[in-house]
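Trainee: Sequence isn't available, so here's the structure alone:
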């Protein structure tokens, strides 16, 4: 994929938190594992064995919305301030890592 392209790593994030809802696994495991446990009982899914610390769904959704709005404003509206916000998304945030290429 040619640039501009951005990758935002949400430490402790998980897939189902990108939609509305705030499911949490009752055993503290990755909430994505709820799907597999319901639909594929008895199957061993890597990453579903142990409990961990996961980002709150509202936090994950907030970061995602902030990044998307900044990206679209920067590249569709040619907004330099939005581009700076996007490139600084991980400044001072321990739960976010940002990688990008403009070309």
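Mentor: Yep, it's here. Bear in mind the structure is a predicted one, so any value in this text is a computation, not a measurement.
Trainee: For the longest helix belonging to the chain, which residues meet the burial criterion?
Mentor: The longest helix of the chain (DSSP state H) is helix 57-76. Of all the residues in helix 57-76, those buried under the rule 16 or more other C-beta atoms under 10 Å are 57, 59-61, 63, 67, 70-71, 73-74. Every residue, glycine included, has its C-beta placed from N, CA and C.
Trainee: So residue 9 belongs to a helix, correct?
Mentor: No: Residue 9 sits outside any helix when classified using DSSP: H, G, I helix; E, B strand; the rest coil, being strand.
Trainee: Please list all residues in contact with it.
Mentor: By C-beta atoms under 8 Å, 6 or more residues apart in numbering, the contact set of residue 9 is 96-99.
Trainee: And residue 35, by the same measure?
Mentor: residue 16.
Trainee: One more pass at 7 Å, please.
Mentor: With contact set as C-beta atoms under 7 Å, 6 or more residues apart in numbering, residue 35 has no partners.
Trainee: quick one: which helix or strand includes it?
Mentor: helix 33-39 (DSSP states H and E).
Trainee: Buried residues of that helix, list them for me.
Mentor: 33-34.
Trainee: mind checking pLDDT for the residue of the chain most remote from its centre?
Mentor: Going by C-alpha atoms, centre = their mean, the residue of the chain most distant from its centre is residue 42, 27.9 Å out. Per-residue confidence (pLDDT) for residue 42: 89.
Trainee: where does it land in three-state SS?
Mentor: With three-state DSSP as the criterion, residue 42 reads coil.
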